[in-house]
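In: test case, fold it:
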Amino acid sequence: PSHPQLLDWLAKDFMEHDWDIKYLLKKIMLSATYQQSSIATEKSKKADPDNKWLSRAPRFRMSGEIIRDYVLATSGLLNKEIGGPSVKPYQPPGLWEETNAGGNRGVLTTYLADEGDKLYRRSLYTLWKRTLPPPSMSIFDAPNRDICEVRRQKTNTPLQALALQNDVQMLEAARVLAENTIAETKDSQQWVTA
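Out: The predicted structure follows:
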């Protein structure tokens, strides 16, 4: 561990508060270190270039599921309903038919995208066909679920940028965000900065 004294202090504090896990988690989450920004200022780069002393939060890349949910949330489209059956968001036509090997497999033979609010459910509720995961998730390194993956690989490809610019769901979310911004802000100069 890089900070053994801190771990010792947290362990002692945890024992003194009757092994209360909620108390420990609250203490950690309310700490200044946990709540700090990942923006590396010149001052923090100079004082702690390798972030050994946790002068800034670590940066991380969002997964495909989180990117989709984030885009839907910022546009106001995200359906926050909890629970329920799996949903089928947009997918390119014909993909499921290509993986059927000519057989009739009931409801998994053809892909029919849902309509209405179901299109905007959280990615957690997306239906996955084991032989063909959702393409938008695969582009952002989602595992195909054939085998268990402990750690997801993280790539940075031009295809990811193209998906963000051309995916039907991303374009729809961008359109709705633009419409909401224009409706809420009358000054055209503020449209660009909003």
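In: grab the most central residue of this structure for me.
Out: By C-alpha atoms, centre = their mean, the chain has its centre lying nearest to residue 66, at 1.0 Å.
In: return the residues in contact with that one.
Out: Contact analysis of residue 66 by C-beta atoms under 8 Å, 6 or more residues apart in numbering lists residue 123. The way it works is simple: take the backbone N, C-alpha and C, and place the C-beta from them, glycine included.
In: and if you look at residue 86?
Out: Contacts of residue 86 (C-beta under 8 Å, 6+ apart): 125, 126, 127, 128.
In: will you turn those residues into a markdown table that also has secondary structure, pLDDT and distance to residue 61?
Out: Shown next, in a markdown table, are the contacts of residue 86 (DSSP: H, G, I helix; E, B strand; the rest coil; pLDDT from 0 to 100; distance: C-beta to C-beta, whole Å):
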| residue | secondary structure | pLDDT | distance to residue 61 |
| --- | --- | --- | --- |
| 125 | helix | 93 | 23 |
| 126 | strand | 91 | 20 |
| 127 | coil | 88 | 25 |
| 128 | coil | 85 | 21 |
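In: ok, so of those residues, who is nearest residue 19?
Out: Taking C-beta to C-beta as the measure, residue 19 lies nearest residue 125 of these, at 35.8 Å.
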